[in-house]
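# Pasted the sequence and its predicted model underneath.
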Amino acid sequence: MRVLIVKLSSLGDVVHTMPVVNDIRTAYPDALIDWVVEPGFAPLVRRVSGIHSSIECALRRWRKGWWTSPVRHEWREFRDAMRGERYDAIIDFQGLTKSALVARLARGTRYGLANQTEGSAYERPARWLVHHAIPVEPRIHALDRARLLAAEVFGYAVQGPPRFGLRSQMLEATERTMVLVHGSSRDDKLWPEENWIEIGRRVMASGWHIALPHAGPEEHARAQRLAAALGPACEVWPEMNIDAVTDRMGATHGVIGVDSGLSHIAVALDLPHVQIYNFPTAWRTGPLAEHGHSHQVSIEGRPAPDVDTVWNAWLRVRAAFRLAGQG
């Protein structure tokens, strides 16, 4: 059986869709699963156990130069790749007009969402561009939405906690290291810098080192300010692609981070993790106990959780991780 997943972006949404690969392969061990995704996230998709191939769809870049010859050439290559196989099921997990139109390029029976779920992007034309639009519970975690949609398509029951299947290279970390994921594409998701400095000092007082990833000049400047305040036990990572940062993060021992793509990668890598929310939205994107995340928690607060709350959550996470004999 051949299956095509259509989930183009964003990073967190791609991560939340990963468990459907394991679910499908558990029900149909011989299934060949391809995934259409934006090029920036394709390296991550290729790391998921059970993925046969990824098809890169650079819609964001193509829109900026649609009239140019190179873009036209890339588009024809993409279209030919989409038509190269006949699929038993093509599933649009995104629910947008653009994703449904991308799914429409492939040959086979198309499935998608029949309705919007709370807090998610959805466009009604998407339901008319698939053969079968499947209704889902409006108030549902993004991860559960993807798993239930796939289960309805193939007629199996969702069982057990999600398994992301995300593999990182086994790099060796010489020091016990915590990653502080301080960056987000949305300013209203950020945590105050003074809070990062205080939590960093507590981490270092426990004998740990700190790593600061970043993307773009603004995050790099913030990372430099935090490192200057925290001292030599704090390292600013170089800017890396998604492959490299996944490997580096996979070699660390814990993560505290805001609601962002890197934090969701930390969940997929099964690292001890505290995820910080400035809004009461953890129920739809954060790590939940019902997903089996005993050593991963979401902490909410308005306008932001305080340092003591986040630190105490980390102590509980660390204790749960050690109780399970994992560190």
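Nice, I can see it. Numbers count the residues shown, from 1 in each chain.
# Buried residues of the top helix by length along the chain, list them for me.
Ranked by number of residues, the top helix in the chain under DSSP state H is helix 307-323. Of the residues in helix 307-323, 307, 310-311, 313-314, 317-318, 320-321 count as buried by neighbour count, 16 or more other CB atoms under 10 Å. From N, CA and C alone the C-beta is placed, and that goes for glycine too.
# and that helix, C-alpha only, in PDB?
Backbone C-alpha positions of helix 307-323 (Å, rounded to 0.1, in the frame of the first residue of the first chain) are rendered in PDB as follows:
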ATOM      1  CA  VAL A 307      10.800  31.400  37.400                       C
ATOM      2  CA  ASP A 308       9.900  29.400  40.600                       C
ATOM      3  CA  THR A 309       7.000  27.700  38.800                       C
ATOM      4  CA  VAL A 310       9.200  26.700  35.800                       C
ATOM      5  CA  TRP A 311      12.100  25.600  38.000                       C
ATOM      6  CA  ASN A 312       9.900  23.400  40.200                       C
ATOM      7  CA  ALA A 313       8.400  21.900  37.100                       C
ATOM      8  CA  TRP A 314      11.900  21.100  35.900                       C
ATOM      9  CA  LEU A 315      12.700  19.400  39.300                       C
ATOM     10  CA  ARG A 316       9.600  17.200  38.900                       C
ATOM     11  CA  VAL A 317      10.500  16.400  35.300                       C
ATOM     12  CA  ARG A 318      14.100  15.500  36.300                       C
ATOM     13  CA  ALA A 319      12.800  13.300  39.100                       C
ATOM     14  CA  ALA A 320      10.400  11.400  36.900                       C
ATOM     15  CA  PHE A 321      13.200  10.800  34.300                       C
ATOM     16  CA  ARG A 322      15.500   9.400  36.900                       C
ATOM     17  CA  LEU A 323      12.700   7.300  38.500                       C
END
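# Centroid-wise, who is the farthest residue in the chain?
S69 (33.2 Å; CA atoms, centre = their mean).
# quick one: it from V307, how far?
Noted for S69: a distance of 55 Å to V307, by CB to CB, to the nearest Å.
# Just the buried positions in stretch 296-307, please.
For stretch 296-307, the neighbour count (16+ other CB under 10 Å) marks 296-300, 304-305, 307 as buried.
# And the contacts of stretch 131-144?
Contacts of stretch 131-144 with the rest of the structure, by CB atoms under 8 Å, 6 or more residues apart in numbering, involve 12-13, 16, 19, 109-118, 120, 127, 145, 148-149, 152-153, 158, 162, 283-285, 288, 291.
# Show me just the buried residues among the residues you listed.
Going by neighbour count (16+ other CB under 10 Å), the contacts of stretch 131-144 have 12-13, 16, 19, 110-114, 117, 120, 127, 145, 148-149, 152-153, 162, 284-285, 288, 291 buried.
# Which residue ranges of the stretch 1-150 of the chain form helices?
Taking DSSP state H, counting those that start in this stretch, the helices of the stretch 1-150 of the chain run over residues 11-17, 19-27, 42-46, 59-64, 69-83, 97-105, 125-128, 142-154.
# Let's have those in CSV, adding mean pLDDT and distance to N241.
Shown next, in CSV, are those (pLDDT from 0 to 100; distance: least, CB to CB, whole Å):
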stretch, mean pLDDT, distance to N241
helix 11-17, 97, 12
helix 19-27, 98, 22
helix 42-46, 96, 7
helix 59-64, 88, 16
helix 69-83, 93, 20
helix 97-105, 97, 23
helix 125-128, 96, 30
helix 142-154, 98, 24
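# Could you give the number of residues near the nearest residue to G108 once chain neighbours are set aside?
Distances taken as CB to CB, 6 or more residues apart in numbering put Y87 closest to G108, at 3.4 Å, once the chain neighbours are dropped. Y87 is flanked by 20 other residues according to other CB atoms under 10 Å.
# same deal with the one 5 residues further on?
Around D92 there are 29 other residues, counting by other CB under 10 Å.
# ok, it touching L8?
No - between D92 and L8 there is no contact under CB atoms under 8 Å: 9.6 Å.
# which neighbours do these two share?
The contact sets of D92 and L8 overlap at 99, 102 (CB under 8 Å, 6+ apart).
# which residues in the chain form strands?
Secondary structure of the chain (DSSP state E): strands at 2-6, 32-37, 51-56, 86-92, 107-113, 132-134, 177-181, 209-212, 234-236, 254-258, 273-277, 296-300.
# Please produce a markdown table containing the ones you listed, extended by distance to I24.
Formatted as a markdown table, the strands of the chain follow (distance: least, CB to CB, whole Å):
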| stretch | distance to I24 |
| --- | --- |
| strand 2-6 | 6 |
| strand 32-37 | 6 |
| strand 51-56 | 11 |
| strand 86-92 | 9 |
| strand 107-113 | 12 |
| strand 132-134 | 15 |
| strand 177-181 | 30 |
| strand 209-212 | 34 |
| strand 234-236 | 39 |
| strand 254-258 | 28 |
| strand 273-277 | 26 |
| strand 296-300 | 24 |
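# Can you tell me which of those is most buried?
By mean neighbour count, with neighbours taken as mean count of other CB atoms under 10 Å, strand 273-277 ranks first of the strands of the chain at a mean of 27.
# Next, the angle strand 296-300 makes with that one.
Orientation check (axes from the mean of the first three to the mean of the last three CA atoms, to 10 degrees): strand 273-277 against strand 296-300 gives 20 degrees.
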